[in-house]
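Chemist: Just the structure for this:
(one chain, ligands or ions: 1)
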Amino acid sequence: MFISNKVSLAAIALICGAVETGICQNTTTKRDPANPKPLVTDSYTADPSAHVFNGKIYIYPSHDIEANVPQDDEGGHFNMRDYHVFSMDNINGKVTDHGVALDIKDVPWAGRQMWAPDAAYKNGTYYLYFPVKDKEDIFRIGVATSKSPTGPFKAEPAPIPGSYSIDPAVFTDTDGKTYMYFGGIWGGQLQRWYTGTYDKSSSTDLKKDNEPALSAKVARMSKDMLKFDEPVKDVQIIDKDGKPLLGGDHNRRFFEGAWMHKYKDKYYFSYSTGDTHFLAYATSNSPYGPFTYQGIFMKPVTGWTTHHSIIEFNGKWYIFYHDVELSGKTHLRNIKVRELKRNADGSIELITP
Ligand code: FUB
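Modeler: Numbering: from 1, shown residues only. Have a look, this model is predicted:
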């Protein structure tokens with residue numbers, strides 16, 4: 001079912017020329033909203049965290065590479081080593097690759113696997129948040145800063161104190177307070193922190209199907225955006241009867257890839273269900289939750305992982321996500337964008353990719 005498309009990737013890389021050394025522009029300008037195409041075709045990109053800064057769209061994705069690591073439940077095959085930032089003047093505009101924004105060799109505490117990043121802006125500084133395994137092979141979340149949204153970013157000498165697991169998603173509320181949502185089970189190691197300290201014994205989930213599912217985490221960021229300003233809390237997801245979703249409820253429970261957006265004063269917490277490959281969402285009147293499960297809003301894409309972000313741009317809402325159209329391989333992904341539509345009650349229309 002997967003299609004190999006290495007020929008077109010190589011051809012575009014030739015046209016583009018400067019992929020590894022500098023700025024490369026994909027000149028595609030017409031996009032079919034019903035059939036989105038990869039936004040970047042000369043490298044592999046995934047986990048797109050999109051933001052609007054100064055009226056322009058910036059995308060902070062993972063940079064997938066072929067590292068020839070065998071596939072396993074812990075995601076060893078996702079062995080990424082750097083980040084590039086991409087920008088677009090408008091949703092149909094060309095995509096500009098701004099080159100290497102942060103390299104693993106410039107993160108003194110990092111061991112391996114730079115996974116899904118996110119970014120934020122405050123008081124003249126841009127912040128890149130990134131999960132990477134430390135030298136003990138434990139995922140931590142790092143932060144790097146720049147005066148430009150495209151980097152290069154300079155990493156802090158140590159990870160954010162008290163951070164663990166993967167997939168940071170940073171949301172600044174209308175009152176100016178910023179929160180980080182994070183976590184992911186299986187390869188993301190969240191289950192290993194169940195007791196409060198790191199326990200290496202579990203490689204997937206808790207295996208406690210009738211107990212509340214593992215939750216994503218949230219913490220308000222300090223004013224300097226470099227640390228948590230409070231103890232990390234659970235992001236609880238409940239059903240319409242107020243009961244927590246259970247660990248065995250694989251179609252609905254949180255797995256990884258959290259995102260937060262606000263629409264008409266409601267907080268929308270969205271995430272991947274992982275091994276069932278849905279994007280689902282839950283809503284609350286508070287950024288801390290509890291969040292009431294609302295449903296899935298995207299059916300599975302090609303490839304094992306599904307990961308997204310949601311932004312408003314010029315009065316419309318968009319979802320950035322990835323699939324494996326270019327490679328047919330689950331660890332070599334490509335980012336895409338399509339419009340996100342809502343019903344009159346604020347619920348999100350189901351997308352069938
Ligand atoms: O890209 C590596 C991991 O795959 C991400 O951290 C997860 O969200 C999944 O997309």
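
Chemist: what's the residue nearest to N334 when sequence neighbours are not counted in contact with, if anything?
Modeler: Of all residues not flanking N334 in the chain, P38 sits nearest, at 3.6 Å (C-beta to C-beta, 6 or more residues apart in numbering). Any C-beta I mention is one placed from the backbone N, CA and C, and that applies to glycine too. By C-beta atoms under 8 Å, 6 or more residues apart in numbering, the residues touching P38 are 325-326, 334-336.

Chemist: from those residues, which ones fall inside strands?
Modeler: Mapping these onto strands (DSSP state E) picks out 334-336.

Chemist: Near the ligand, which residues of the stretch 101-250 of the chain? Just list them.
Modeler: Within the stretch 101-250 of the chain, the positions adjacent to the ligand are 115-116, 166-167, 184 by C-beta under 6 Å from any ligand atom.

Chemist: so where's the chain uncertain?
Modeler: Along the chain, segments meeting pLDDT under 70 span 1-30.

Chemist: all strands of the stretch 51-200 of the chain, in order?
Modeler: Along the stretch 51-200 of the chain, the segments classed as strands by DSSP state E, counting those that start in this stretch run 56-64, 82-88, 95-103, 110-112, 118-122, 125-134, 139-146, 154-155, 169-172, 178-182.

Chemist: Take those strands and lay them out in a markdown table including mean neighbour count.
Modeler: Formatted as a markdown table, the strands of the stretch 51-200 of the chain follow (neighbours: other C-beta atoms under 10 Å):
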| stretch | mean neighbour count |
| --- | --- |
| strand 56-64 | 24 |
| strand 82-88 | 21 |
| strand 95-103 | 21 |
| strand 110-112 | 18 |
| strand 118-122 | 21 |
| strand 125-134 | 22 |
| strand 139-146 | 22 |
| strand 154-155 | 17 |
| strand 169-172 | 22 |
| strand 178-182 | 24 |
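
Chemist: Out of those strands, which gets nearest to N314?
Modeler: Closest to N314 of those, according to C-beta to C-beta: strand 56-64, at 9.9 Å.

Chemist: Quickly run through the sheet partners of that closest one, with directions.
Modeler: Strand partners for strand 56-64, identified by DSSP bridges, are recorded as strand 44-53 (antiparallel), strand 82-88 (antiparallel).

Chemist: So which of these is nearest T292?
Modeler: Proximity to T292, assessed across the strands paired with strand 56-64 by C-beta to C-beta, is greatest for strand 44-53 (24.6 Å).

Chemist: Contact partners for the residue nearest to P159 when sequence neighbours are not counted?
Modeler: Spatially, and ignoring its direct neighbours in sequence, P159 is nearest to R140 (3.6 Å; C-beta to C-beta, 6+ apart). The contact partners of R140, by C-beta under 8 Å, 6+ apart, come to 109, 131-134, 159-160, 163-164.
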